[in-house]
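A.B. asks: can't give you the sequence, but here's the structure:
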């Protein structure tokens, strides 16, 4: 007569404890893996946004020209407006394939720091009858700092840009030779970008 030997209660309890420990370790590793992947994806997405924003700004600034515009009530606006949180200028090179659209290749664009965002603003016409009719596109968000500065021909960094001389040893300059974007992004820290304006070099 034979007897089948089973597991004792202590062995079952030990097996359950070991299983619980392994399950806890496994779930913790999986959670950390998913959390790391989520952070990497978020950083990659933000990096793509930064790269796209840089490309857009570069396209605009390299096409900036000396062209004033007419706004509300025939008010004239200079070719370039530069403030610490607002930039506005006229650019050339607006694509119009085969000339299908009846519009100019010029465009009035602006960049502004507003509500922790870097925004690109455009108008449908160069000479704007109503400046309140514009389109805004958010390029970057979650910014703890956002400001602009301007480089003169004398290599002075100015917090604001004025077409006419406002400082000693400064001559009349319609366009700065470069615009400095200073941004502070979450996870990326401080970023300082310098975009040159070729038209300003030609004018000099």
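C.D. replies: On my side now, so go ahead. Quick caveat, the model's predicted, so the values are computed rather than measured.

A.B. asks: beta partners for residue 195?
C.D. replies: According to DSSP bridges, the partner residues bridging residue 195 are residue 179.

A.B. asks: ok now do it, which residues does it touch?
C.D. replies: Listed by CB atoms under 8 Å, 6 or more residues apart in numbering, the contact set of residue 195 reads 57, 58, 61, 62, 178, 179, 180, 181. (C-beta placed from N, C-alpha, C; glycine too.)

A.B. asks: now, of those, which are buried?
C.D. replies: For the contacts of residue 195, a burial check counting by 16 or more other CB atoms under 10 Å picks out 57, 61, 178, 179, 180, 181.

A.B. asks: so residue 173 sits against residue 152, correct?
C.D. replies: Yes: Residue 173 is within contact range of residue 152, at 6.1 Å (criterion: CB atoms under 8 Å).

A.B. asks: by contact count, what packs against the lengthiest helix in the chain?
C.D. replies: What stands out as the longest helix in the chain, according to DSSP state H, is helix 9-62. When contacts are defined as 3 or more CB pairs under 8 Å, 6 or more residues apart in numbering; DSSP states H and E, helix 9-62 packs onto strand 86-91, strand 117-122, strand 135-141, strand 178-185, strand 189-196.

A.B. asks: swap the cut-off to 10 Å and go again
C.D. replies: The helices and strands touching helix 9-62, judged by 3 or more CB pairs under 10 Å, 6 or more residues apart in numbering; DSSP states H and E, are strand 86-91, strand 107-114, strand 117-122, strand 135-141, strand 178-185, strand 189-196, helix 198-203.

A.B. asks: can you tell me what sits against stretch 63-75?
C.D. replies: 76-80, 87-94, 105-109, 123, 125-132, 163, 174-176, 179, 195-200, 202-203 (CB atoms under 10 Å, 6 or more residues apart in numbering).

A.B. asks: how far does that stretch sit from its chain's centre?
C.D. replies: Once both centres are worked out by CA atoms, centre = their mean, to the nearest Å, stretch 63-75 turns out to sit 25 Å from its chain's centre.

A.B. asks: name the residues of that stretch that are buried.
C.D. replies: 63, 64, 65, 66, 67, 69, 71.

A.B. asks: before we move on, what about stretch 104-113?
C.D. replies: Of all the residues in stretch 104-113, those buried under the rule 16+ other CB under 10 Å are 106, 107, 108, 109, 110, 111, 112, 113.

A.B. asks: wait, what's in contact with the nearest residue to residue 143 once chain neighbours are set aside?
C.D. replies: Counting by CB to CB, 6 or more residues apart in numbering, residue 116 is the residue found nearest to residue 143 once chain neighbours are left out, at 4.9 Å. Contacts here follow CB under 10 Å, 6+ apart; on that basis residue 116 touches 140, 141, 142, 143, 144, 145, 146, 184, 186.

A.B. asks: just to revisit the earlier point, which of the buried residues of stretch 63-75 fall in helices?
C.D. replies: Where the buried residues of stretch 63-75 are compared with helices, as defined by DSSP H, there is no overlap at all.

A.B. asks: so which of those residues comes closest to residue 21?
C.D. replies: For the buried residues of stretch 63-75, the residue nearest residue 21 by CB to CB is residue 63; the value is 63.7 Å.
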